[in-house]
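Peer 1: this one's structure only:
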């Protein structure tokens with residue numbers, strides 16, 4: 001079976017969030033199910049740099065004379081063994097920095113054309129424009145690929161079935177209605193049954209409207225977005241398409257995230273050598289300028305510093321952390337007020353609170369391998385990978401009771417602790433008081449080393465890999481092909 005995956009970022013070449021991790025890990029996971037997936041991504045400078053050094057060398061698989069204002073080509077290459085189609089369109093993607101934002105932090109004014117171009121190229125490949133790769137299924141990710149199912153629909157019969165995955169419903173890709181013709185969509189598309197969305201063109205709305213199947217990255221989030229509170233204006237459409245909605249949990253790339261082999265750790269370990277984690281805790285405390293206190297509960301945060309992630313709630317609980325004799329190590333960037341609040345906390349409680357503004361991949365691994373607790377107090381969380389990595393590395397996640405956090409963390413309530421299955425702490429409501437309650441519960445558990453060690457072992461035993469999600473995607477793809485009257489012969 002051949003599957004074309006389309007998205008705007010892919011790890012390790014370009015990453016702003018969990019979408020990149022999924023795009024990077026899914027092809028390898030599906031290979032075990034007999035599925036060949038190739039990913040179409042924009043030709044950002046970092047991607048083209050990787051392609052330029054790929055072996056075997058990249059080849060031009062498709063040439064396009066005019067793609068929204070300039071010539072383009074699709075390169076086929078496998079940098080680092082990752083099978084890619086790369087849309088090389090310099091007039092759209094030859095720009096430094098963030099894939100979506102200019103240097104002033106504002107969206108590129110032609111983002112509609114940029115990602116419509118990605119979708120148009122994807123639709124062309126889906127219909128056989130690259131003769132030796134005719135996909136059985138097309139899998140579009142998030143709003144940047146949302147027009148793929150729409151183009152396939154309006155271009156007429158003969159397209160393969162499509163899957164639309166929502167990684168975060170908060171990002172929807174809304175653009176002025178006047179761009180309809182520019183984007184190559186027919187006048188009939190501007191309708192409630194088409195791409196029209198509250199007076200604009202909705203890229204994600206288009207994908208939800210026309211995809212043959214819709215997935216999101218956890219079962220609980222799939223239920224949440226079908227409600228007015230969680231649906232962000234799209235809940236009516238999501239409820240109308242409930243028959244094709246599937247909640248499939250994300251997995252963790254357990255080759256990249258493996259505490260037994262991770263070069264970013266001061267000491268590697270597994271379930272049988274958990275005591276070695278103490279060296280990572282000491283190394284993390286030293287790296288972050290925290291007091292060297294092996295017996296104190298060290299809380300870690302690896303996150304965008306944003307309201308969605310609940311980091312403001314952590315600011316409100318800084319005094320409580322001092323009362324609990326706990327430490328806090330934060331890695332991330334985002335909202336300026338939250339960054340300033342964390343810096344102020346570090347100044348007020350030196351040796352107890354530390355923050356590194358920005359992102360450092362090795363440090364993120366050290367936090368997972370050295371912190372006792374990982375805080376994920378999100379107001380909404382489609383799936384989350386931080387808590388998956390935490391559990392795999394023996395750090396106990398303290399998470400809000402939302403989205404994929406519900407599906408992936410077994411709360412340490414009395415029954416779960418007694419039964420020996422608890423792997424973390426869930427709290428609700430998602431308020432400062434709720435988080436405070438979660439922190440107090442975590443501190444009480446931490447004070448009992450046998451209970452804490454049992455939770456660590458439970459967490460590390462959980463299968464957070466892509467094995468089960470890959471099986472679910474494979475079943476979904478095969479069902480779509482069968483319903484469309486096709487058969488898998490490759």
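Peer 2: Noted; the coordinates are in hand. Here the structure is a predicted model, which means the values were calculated and not measured.
Peer 1: what comes up buried for the helix or strand harbouring residue 206?
Peer 2: Assigned by DSSP states H and E, residue 206 belongs to helix 203-210. Counting neighbours by 16 or more other C-beta atoms under 10 Å, one finds that the buried residues in helix 203-210 are 203-210. In this view, the C-beta of every residue, glycine as well, is placed from N, C-alpha and C.
Peer 1: What of stretch 235-248?
Peer 2: Buried residues in stretch 235-248 (16+ other C-beta under 10 Å): 235, 237-238, 241, 245-248.
Peer 1: sorry, back to before: how about the buried residues of helix 203-210 in JSON lines, adding distance to residue 322?
Peer 2: Listed next are the buried residues of helix 203-210 as JSON lines, based on distance: C-beta to C-beta, whole Å:
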{"residue": "203", "distance to residue 322": "46"}
{"residue": "204", "distance to residue 322": "43"}
{"residue": "205", "distance to residue 322": "47"}
{"residue": "206", "distance to residue 322": "50"}
{"residue": "207", "distance to residue 322": "47"}
{"residue": "208", "distance to residue 322": "46"}
{"residue": "209", "distance to residue 322": "51"}
{"residue": "210", "distance to residue 322": "53"}
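Peer 1: which one among those gets closest to residue 352?
Peer 2: residue 204 (42.1 Å; C-beta to C-beta).
Peer 1: show me what contacts the closest one?
Peer 2: By C-beta atoms under 8 Å, 6 or more residues apart in numbering, the contact list for residue 204 reads 142-143, 146, 166, 169, 171-173, 234.
Peer 1: Let's see that with 7 Å instead.
Peer 2: Applying C-beta atoms under 7 Å, 6 or more residues apart in numbering to residue 204 gives the contacts 143, 146, 172-173.
Peer 1: Spell out the residue ranges of the helices in the stretch 51-200 of the chain.
Peer 2: Taking DSSP state H, counting those that start in this stretch, the helices of the stretch 51-200 of the chain run over residues 90-93, 111-126, 147-154.
Peer 1: err, the stretch 251-400 of the chain, not the other one
Peer 2: For the stretch 251-400 of the chain, helices defined by DSSP H, counting those that start in this stretch occupy the ranges 277-288, 311-316, 318-323, 336-348, 361-370, 386-392.
Peer 1: returning to what we had before: helix or strand right after the helix holding residue 206?
Peer 2: That would be, after helix 203-210 and using DSSP H and E, strand 213-216.
Peer 1: which helices and strands does that following strand pack with?
Peer 2: Strand 213-216 sits against strand 162-166, strand 245-247, with contacts defined as 3 or more C-beta pairs under 7 Å, 6 or more residues apart in numbering; DSSP states H and E.
Peer 1: any idea of the mean pLDDT in the helix or strand following that strand?
Peer 2: Sequence order places helix 219-224 as the next helix or strand after strand 213-216, per DSSP H and E. If you average the pLDDT over helix 219-224, you get 97.
Peer 1: Also stretch 352-359?
Peer 2: pLDDT averaged over stretch 352-359 gives 96.
Peer 1: what's the answer for stretch 463-473, then?
Peer 2: 97.
Peer 1: ok, now stretch 195-208?
Peer 2: 97.
Peer 1: And it, end to end?
Peer 2: One end of stretch 195-208 to the other measures 10 Å (C-alpha to C-alpha, to the nearest Å).
Peer 1: got any ranges where the protein has weak pLDDT?
Peer 2: Scanning the chain for pLDDT under 70 picks out 486-490.
Peer 1: Got the domain ranges for it?
Peer 2: Under the assignment automatic domain parsing, the domains of the chain span 2-251+467-483, 271-461.
Peer 1: Select, out of these, the one closest to residue 259.
Peer 2: Nearest to residue 259 among the domains of the chain is domain 271-461 (4.9 Å), distances taken as C-beta to C-beta.
Peer 1: Correct me if wrong: residue 67 contacts residue 118.
Peer 2: No: using C-beta atoms under 7 Å as the test, residue 67 is too far from residue 118 to be in contact (9.6 Å).
Peer 1: out of the two, which sits in the busier spot?
Peer 2: residue 118 (27 against 21; other C-beta atoms under 10 Å).
Peer 1: sorry, back to before: now, among the contacts of residue 204, which is nearest to residue 267?
Peer 2: Nearest to residue 267 among the contacts of residue 204, with distances taken as C-beta to C-beta, is residue 143, at 41.8 Å.
Peer 1: And the closest residue to residue 199 other than its chain neighbours, how far from residue 183?
Peer 2: Of all residues not flanking residue 199 in the chain, residue 177 sits nearest, at 6.4 Å (C-beta to C-beta, 6 or more residues apart in numbering). Using C-beta to C-beta, to the nearest Å, residue 177 is found at 11 Å from residue 183.
Peer 1: So for those two, which sits in the more crowded spot?
Peer 2: residue 183 (22 against 12).
Peer 1: what is residue 396 paired to in the beta sheet?
Peer 2: For residue 396, the beta-bridge partners are residue 373 (DSSP bridges).
Peer 1: Residue 422 is in contact with that one, correct?
Peer 2: No: checked against C-beta under 7 Å, the pair residue 396 and residue 422 is beyond contact range at 8.9 Å.
Peer 1: joint contacts of the two?
Peer 2: With C-beta under 7 Å, 6+ apart as the test, residue 396 and residue 422 both reach residue 455.
Peer 1: How about the contacts made by residue 464?
Peer 2: Residue 464 touches 251-252, 388, 391-392, counting by C-beta under 7 Å, 6+ apart.
Peer 1: try it again with 8 Å
Peer 2: 251-252, 254, 388-389, 391-392, 408.
Peer 1: what would those look like in a markdown table with neighbour count and distance to residue 323?
Peer 2: Shown next, in a markdown table, are the contacts of residue 464 (neighbours: other C-beta atoms under 10 Å; distance: C-beta to C-beta, whole Å):
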| residue | neighbour count | distance to residue 323 |
| --- | --- | --- |
| 251 | 23 | 37 |
| 252 | 24 | 33 |
| 254 | 17 | 37 |
| 388 | 27 | 30 |
| 389 | 25 | 28 |
| 391 | 27 | 27 |
| 392 | 22 | 30 |
| 408 | 26 | 29 |
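Peer 1: Pretty sure residue 228 sits against residue 235.
Peer 2: Yes: Residue 228 is in contact with residue 235 according to C-beta atoms under 8 Å; the separation is 5.5 Å.
Peer 1: on that earlier part again, okay if I get the contacts of residue 464 as a markdown table plus distance to residue 358?
Peer 2: What follows is those, written out as a markdown table (distance: C-beta to C-beta, whole Å):
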| residue | distance to residue 358 |
| --- | --- |
| 251 | 27 |
| 252 | 23 |
| 254 | 26 |
| 388 | 23 |
| 389 | 19 |
| 391 | 25 |
| 392 | 24 |
| 408 | 27 |
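Peer 1: ok, the residues you listed vs residue 261, which is closest?
Peer 2: Nearest member of those to residue 261, counting by C-beta to C-beta, is residue 254, at 10.0 Å.
Peer 1: For residue 19, see how far away the closest one is.
Peer 2: 19 Å.
Peer 1: And for residue 201?
Peer 2: Counting by C-beta to C-beta - residue 201 and residue 19 are separated by 21 Å.
Peer 1: So between the two, which is more surrounded?
Peer 2: residue 201 (28 against 24).
Peer 1: Next, give phi and psi for the more buried one.
Peer 2: phi -100, psi 120 (degrees, to the nearest 10).
Peer 1: Please apply the same query to the one 10 residues further on.
Peer 2: Residue 211 has phi and psi values of phi -70, psi 150 when expressed as degrees, to the nearest 10.
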